[in-house]
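Colleague: give me the fold of what follows.
(chains A and B, ligands or ions: 1)
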Amino acid sequence: MATETLTLGKALNRGLRRALEQDPKVIIMGEDVGKLGGVFRITDSLQKDFGENRVIDTPLAESGIIGTAVGLSIRGYRPICEIQFDGFVYPAYDQIVSQVAKMHYRSQGKVKVPIVIRIPFGGGIGAVEHHSESPEAYFAHTAGLKVVACATPQDAYTMIQQAVASDDPIVFFEPKRRYHEKGLVDLDAPLDDAYPLHAARVVRPGRDATLLAYGPMVRTALEAAAAAEEDGRDLEVIDLRTLSPLDLGAVYESVKRTGRCVVVHEAPGNLGLGSEIAARITEECFYSLEAPVLRVTGFDTPYPAARLEEDYLPNLDRVLDGVDRTFGW
Amino acid sequence: MAKSDPAGTTRGRRAGTRSARPGGKTPVTGDLVQLLTPDGDRIDQVTWHDGTEYRVDFTDEEYRSLYRDLVLVRKLDAEATALQRQGELGIWASLLGQEAAQVGSGRALRTQDMAFPTYREHGVLYCRGIDPIMPLGLFRGVDLGGWDPNEFKFNMYTIVIGAQTLHATGYAMGVNMDGKTGTDDGEAVIAYFGDGASAQGDVNEAFIWASVFNAPMVFFCQNNQYAISEPLERQTRIPLYQRAAGFGFPGVRVDGNDVLATYAVTRAALDNARHGQGPTLIEAYTYRMGAHTTTDDPTRYRIASEVEAWQAKDPIARVRTFLTKQGIADDAFLAEVDEQAKQEALRLRERVLEMPDPEPLTLFDNVFPNGSPEIDAQRELTARYMDSFEGSAL
Ligand SMILES: Cc1ncc(C[n+]2csc(CCOP(=O)(O)OP(=O)(O)O)c2C)c(N)n1
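Modeller: Numbers count the residues shown, from 1 in each chain, chains lettered A, B, ... in the order given. Coordinates of the predicted model:
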């Protein structure tokens, strides 16, 4: 068993490499993904090894990236599109929500567009504006798209391959501030045996309250759980992993045990994933709840200047404050 | 409407001339490529500004066949308009006036070529050999106009203006990647769009992509002078075909009411594409004789005399005149075509009336290739809700 310690970014790179090796129809397209290997180097060396027809530096036109990927899919290709930063996906928004998402439905299943749209998302890297956003709710709201977010190197490696292998169009969110964090990755485990792509996972069992997070906030939630232990609180942490469709079976089971739930995400709270999750938990677990489902999220402001982002982003203290509030109800 | 009015002019050309200098150069054309004048006279050969020579060599049988296509396409379109008026279609986007642009380009496609239409290319669809009933589900509202693009080499209709030009370009990039260009039987891709669409970002992005990837593309713009109510001048200050130069590929304007010229220009552009010579922009200069769709009222934004002026350039009348003048068709043939058109329209009508409404629960089908537990749950709940009504057929 080949297990290596890899950064999350490198794990994605290795996953992409394997996807390119396994299916000649898989191609990568995006801005600077070739020689440069992407601004985050996620596609490092792939063009060198697979050629300019498989790893394509595109014109600087996001609608074009997704729109041509639709045509390439109709031709039988399986494009992986890199959007350079979260805040730059909007020029492609129409192609994603009006074309990619609807092709299979309106063709009554005759057209498949197995496109993976990779988006580095979230803040915490001190960037200028448009480089730190969390637009996942826009896509999760759109029927016909599946939306996932990875949080660990192992998941990054596995989930990207599962996403590429899936015939569904998938918006794949990568926690950019976690790109450099390391973890053990089993590189040889067969994809068929892997944990399913569209499934949440309990990453820390606990008895007293349930913390839900995804992407960059999974680690924050785990840190909060560790800190809460000192206060004698045993928190269960669930990595949602799939944002659309949601997989809340394990969440309901958990909340029915703990009676308390806090959802954490960087995106603004208003109509964010947390709102939908809170509504569903309320419908499923009403009689088990000791407190309303609480949300710890970014504020309903534009993403602020870098010197303010620590105040904007949910962090250890804000998550713990949310936990305190659910116990104080 | 446009200041210039090239489709009606055949400057310096005499009616019915055969090539004055066989094998030699013909004069460079004026504003557009034309091989059949509105009076039904043939021009043997035309040279465009870039030196490209255009001509067609059709047999009499082929001429008659083109005429048949034009008449059938117009008749089926009229039938669909009537069906809308009678409440059998929700809406219809008529191609009236654009038959030559669509039949000329549609017949220029070879079997292996792929077309990406807008919502108005019923004539191209017909020329692809596709059952004309196919798009009517969309306009009746019983489906979303879905068919398998690869089965018919004809993509689904696209309503978001310009979006399909990028799909076509991506598909054409795939043709290159598959090594299917560079030979006589290479593949080419044609994207249809309108003058209004020419202002869309997607169309301009498609031009760039096709250009830098040398995609085997033909961008076929039917300039029908209007985008709903907005005249051409609101989209452009230069002739649309001239846009191509800025993107680095040839542009040509053709008389879109001339089926022969449209065929010649499209065939040449497709052949260039299939041989690996990259994209071409064709501006087919034509006119939308009817309303934008059946919901539109064109009297609010254009005057009757303009429509009348274009009536004199009708794409079908000129072919009929030519065929009769040259003795290629007689009255019996013309009557037979009319009768065939009538019968096909009748059959279309009958089949539209027979189109069943879809089963309610099919609305949950095919959201994803791999399904979704959330949608399964909604289907289940909805089925139970529907079942709860007494006498429910479900
Ligand atoms: C992106 C987008 N904007 C607006 C519309 C509404 N709309 C439908 S057709 C049309 C005019 C299109 O004009 P043109 O491209 O010239 O094509 P034509 O209908 O004349 O064939 C408009 C504005 C649309 N379908 N898509």
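Colleague: rest of the way, CA atoms for contacts and neighbours
Modeller: Fine.
Colleague: the strands in the stretch 1-150 of chain A, which residues?
Modeller: A:3-7, A:26-30, A:55-57, A:78-82, A:116-121, A:146-149 (DSSP state E, counting those that start in this stretch).
Colleague: what's the closest of those strands to residue B:372?
Modeller: Shortest separation from residue B:372 across the strands of the stretch 1-150 of chain A is recorded for strand A:146-149, at 9.1 Å, computed as CA to CA.
Colleague: other SSEs contacting the closest one?
Modeller: Applying 3 or more CA pairs under 8 Å, 6 or more residues apart in numbering or on different chains; DSSP states H and E, we find strand A:146-149 packed against helix A:136-140, strand A:170-175, strand A:242-244.
Colleague: export the longest one as CSV, just CAs?
Modeller: Once side chains and other backbone atoms are set aside, the C-alpha atoms of strand A:170-175 remain, and they are given as CSV (Å, rounded to 0.1, in the frame of the first residue of the first chain):
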residue,chain,number,x,y,z
ILE,A,170,-19.9,18.6,-10.5
VAL,A,171,-18.8,21.9,-9.0
PHE,A,172,-15.7,20.9,-6.9
PHE,A,173,-14.7,23.4,-4.2
GLU,A,174,-11.2,23.3,-2.9
PRO,A,175,-10.3,25.0,0.4
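Colleague: in the stretch 151-300 of chain A, what residue spans correspond to helices?
Modeller: Taking DSSP state H, counting those that start in this stretch as the test, the helices found in the stretch 151-300 of chain A are A:153-165, A:217-230, A:249-258, A:273-285.
Colleague: make CSV from the strands of the stretch 1-150 of chain A and add distance to residue A:271 and mean pLDDT to it.
Modeller: Formatted as CSV, those follow (distance: least, CA to CA, whole Å; pLDDT from 0 to 100):
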stretch, distance to residue A:271, mean pLDDT
strand A:3-7, 32, 97
strand A:26-30, 30, 98
strand A:55-57, 35, 98
strand A:78-82, 26, 98
strand A:116-121, 18, 98
strand A:146-149, 16, 98
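Colleague: reformat the ones you listed as TSV; add mean neighbour count and distance to residue B:45.
Modeller: As requested, the strands of the stretch 1-150 of chain A are arranged in TSV below (neighbours: other CA atoms under 10 Å in any protein chain shown; distance: least, CA to CA, whole Å):
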stretch	mean neighbour count	distance to residue B:45
strand A:3-7	16	66
strand A:26-30	25	44
strand A:55-57	23	42
strand A:78-82	27	44
strand A:116-121	26	49
strand A:146-149	27	55
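Colleague: got those strands as TSV, with distance to residue A:214 columns?
Modeller: Shown next, in TSV, are these (distance: least, CA to CA, whole Å):
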stretch	distance to residue A:214
strand A:3-7	18
strand A:26-30	25
strand A:55-57	29
strand A:78-82	20
strand A:116-121	12
strand A:146-149	6
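Colleague: what's the neighbour count on the nearest residue to residue A:38 once chain neighbours are set aside?
Modeller: Leaving aside its chain neighbours, residue A:38 sits nearest to residue A:32 (5.0 Å; criterion: CA to CA, 6 or more residues apart in numbering or on different chains). Residues near residue A:32, counting by other CA atoms under 10 Å in any protein chain shown, number 21.
Colleague: enumerate every residue touching residue A:32.
Modeller: Listed by CA atoms under 8 Å, 6 or more residues apart in numbering or on different chains, the contact set of residue A:32 reads A:38-39, A:57-58.
Colleague: again with residue B:317
Modeller: Counting by CA under 8 Å, 6+ apart, residue B:317 touches B:38, B:40.
Colleague: then the one 10 residues further on?
Modeller: The contact partners of residue B:327, taken as CA under 8 Å, 6+ apart, number zero.
Colleague: mind running it again at 10 Å?
Modeller: B:60, B:321 (CA atoms under 10 Å, 6 or more residues apart in numbering or on different chains).
Colleague: give me the pLDDT for the residue of chain A found nearest the ligand.
Modeller: The ligand sits closest to residue A:94 of chain A, with a gap of 8.7 Å, by CA to the nearest ligand atom. Per-residue confidence (pLDDT) for residue A:94: 98.
Colleague: equivalent analysis for residue B:390, please.
Modeller: For residue B:390, pLDDT reads 72.
Colleague: phi, psi for it please.
Modeller: phi -60, psi 140 (degrees, to the nearest 10).
Colleague: which positions in stretch B:305-320 come out as buried?
Modeller: Residues B:310, B:313-320 are the ones in stretch B:305-320 that count as buried (16 or more other CA atoms under 10 Å in any protein chain shown).
Colleague: same check, this time on stretch B:221-232
Modeller: B:221-227, B:229, B:231-232.
Colleague: look at residue 262 and report its pLDDT.
Modeller: Here I'm looking at chain A. 98.
Colleague: chain B, not that one
Modeller: We have a pLDDT of 98 for residue B:262.
Colleague: contact partners for residue A:26?
Modeller: With CA under 10 Å, 6+ apart, residue A:26 has these contacts: A:16, A:19-20, A:54-55, A:73, A:76-80, A:114-115, A:164-165.
Colleague: what about the residues you listed, which one has the most neighbours?
Modeller: residue A:115 (31 neighbours).
Colleague: just to revisit the earlier point, report the two of the contacts of residue A:32 separated the most.
Modeller: Distance extremes for the contacts of residue A:32: the farthest pair is A:39 and A:58 at 13.8 Å, using CA to CA.
Colleague: who's more crowded, these two?
Modeller: residue A:58 (20 against 13).
Colleague: mind listing the helices for the stretch 151-300 of chain B?
Modeller: Counting by DSSP H, counting those that start in this stretch, the stretch 151-300 of chain B has helices at residues B:163-177, B:201-212, B:243-247, B:259-274.
Colleague: doesn't residue B:125 make contact with residue B:109?
Modeller: No. Counting by CA atoms under 10 Å, residue B:109 does not reach residue B:125; the two are 11.2 Å apart.
Colleague: find the residues that touch each one of those two.
Modeller: B:103, B:115.
Colleague: now do the contacts for residue 91.
Modeller: Went with chain A since none was named. Residue A:91 neighbours (CA under 10 Å, 6+ apart): A:61-66, B:201-202.
Colleague: not quite, I wanted chain B
Modeller: Taking CA under 10 Å, 6+ apart as the test, what residue B:91 contacts is B:80-81, B:83-85, B:136, B:138-141, B:293-295.
Colleague: can I have the buried ones of these as a ChimeraX selection?
Modeller: In ChimeraX, a selection of the buried entries from the contacts of residue B:91 looks like this (16+ other CA under 10 Å):
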select /B:80,81,83,84,136,138,139,140,293,294
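Colleague: so which of the contacts of residue B:91 comes closest to the ligand?
Modeller: Checking the contacts of residue B:91 against the ligand by CA to the nearest ligand atom gives residue B:293 as the nearest, at 8.0 Å.
Colleague: got the phi and psi for residue 188?
Modeller: Since you didn't name a chain, this refers to chain A. phi -100, psi -10.
Colleague: right idea, wrong chain: chain B
Modeller: Backbone torsions for residue B:188, taken as degrees, to the nearest 10, come to phi -130, psi 160.
Colleague: alright, that wraps it up for me.
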